[in-house]
Structure formats: structure tokens, C-alpha cells
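Q: need a structure here:
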Amino acid sequence: MLAQFTWQEFWLAILLLTSLWYSGIILCYYRKEFNLFFNKGSNPKELLPHRWADQVEEPTQKHEEHQGLLGASKPPVGASTVSMGQISFGQDENAKSEQLGLIPDVLQELKEIFSILEKEDGNKQDFFNMMEMVRAKYGQIGSNPRIVQINQFISEHASFHLSKEELENLWD
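A: Predicted coordinates for the structure are as follows:
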């Protein structure tokens, strides 16, 4: 039975059936886009004029987003709107100052010093010379209550031994 059809007839049938299928899909699901494509110059609002359109005012929206037919929703009791900077998750007030400020800056300087000492095989005297610049830059760090943690960081990352007296005199 299939021997009665030529390749030309087969391809013609495939072309016709495919074009019918996609035409149906376009007309069913993409009707608005199809109409806009062929009516490029005309505005869809102008196609159906209403005699009462002059008497109706257009709503003015103060907000950028659409409020819907019922208006804006009321937030639950106790909820408030805050900016991103005001959001925190279970941290106390001092946690933010610990992340930003003097201590993290000093620790970053110390990391850079230890990196330089490691690259250039620096010794204890080179460390003390570099620490004079840090002490000059951050002079008020000696009276900080977290100086013990900074000294502990120094003793853990130093490639040489520092006595307790040397660490205490480091910031004076």
C-alpha cells in the first residue's frame, strides 16, 4: 500500500499536516500575539471604543506594583517593613562591630605580615619591625579588651616562639 505513494506526495502531506497543526496551535494559544503581529501600527485599545470611556477616570497608582481589585493587603499585627541593613539573625549588637572595625583590620594586617614573612623567610626581628608600622597605624588597639585574642592569633600563626612578655609589650 505504501508503494503507491511517491516521496514527493509523502513530503507534501507532511508539510500540509505540519502547517495545519502549527496554525491550530498558534490560533489557540497565541491569538493575542498573532493579532499584535499583524496589527503592528494599531493600538488594541483603539479597536473597541466605548461611548462611556470619556466619563471614566483612569486610576492613579502611587506604587509601582499593581494593588489588585481589593487594594493592598494589610500586614499581620506586629509586622513591620525594614531595610536590608536592619535585618539580623540571632546576633547581639556587638557582633556587627566585631565584623566591621578595628579588630578585623588588625587581623588582616597580621595575616599580610605573616604572609610576607613566610615568602621571604623572615625572622623574629623582621616581625617586630613590621609590627612597629602596625602599632603606629592602630595605636589605640593596646587598650582593647580583645587584645588577648589578637595575641593568641599571633602566637598561633608565628613561625617562631614569642614569650608572653613579648606579646604584652608588642602593643605598648
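Q: Strands of the chain, start to end?
A: Applying DSSP state E to the chain gives no strands.
Q: in it, which helix has the most residues?
A: In the chain, with assignment by DSSP state H, the single longest helix is helix 7-29.
Q: chain center to that one: distance?
A: Centroid displacement of helix 7-29 relative to its chain, using CA atoms, centre = their mean, to the nearest Å, is 47 Å.
Q: Likewise for stretch 126-135?
A: Mean-position distance between stretch 126-135 and its chain equals 38 Å (CA atoms, centre = their mean).
Q: What residues of that stretch count as buried?
A: 127, 130, 131, 134, 135 (16 or more other CB atoms under 10 Å). Placement of C-beta: from N, CA and C, glycine included.
Q: what about it, average pLDDT?
A: Mean per-residue pLDDT for stretch 126-135: 85.
Q: For the residue positioned nearest the centre of the chain, give its distance to residue 120.
A: Among the residues of the chain, the one closest to the centroid is residue 84, at 11.5 Å (CA atoms, centre = their mean). Distance from residue 84 to residue 120, counting by CB to CB, to the nearest Å: 43 Å.
Q: Kindly report the same for residue 69.
A: 72 Å.
Q: Compare these two and say which is more crowded by neighbours.
A: More crowded of residue 69 and residue 120, by other CB atoms under 10 Å: residue 120, with 9 against 5.
Q: which residues does that one contact?
A: Shown in contact with residue 120 (CB atoms under 8 Å, 6 or more residues apart in numbering): residue 126.
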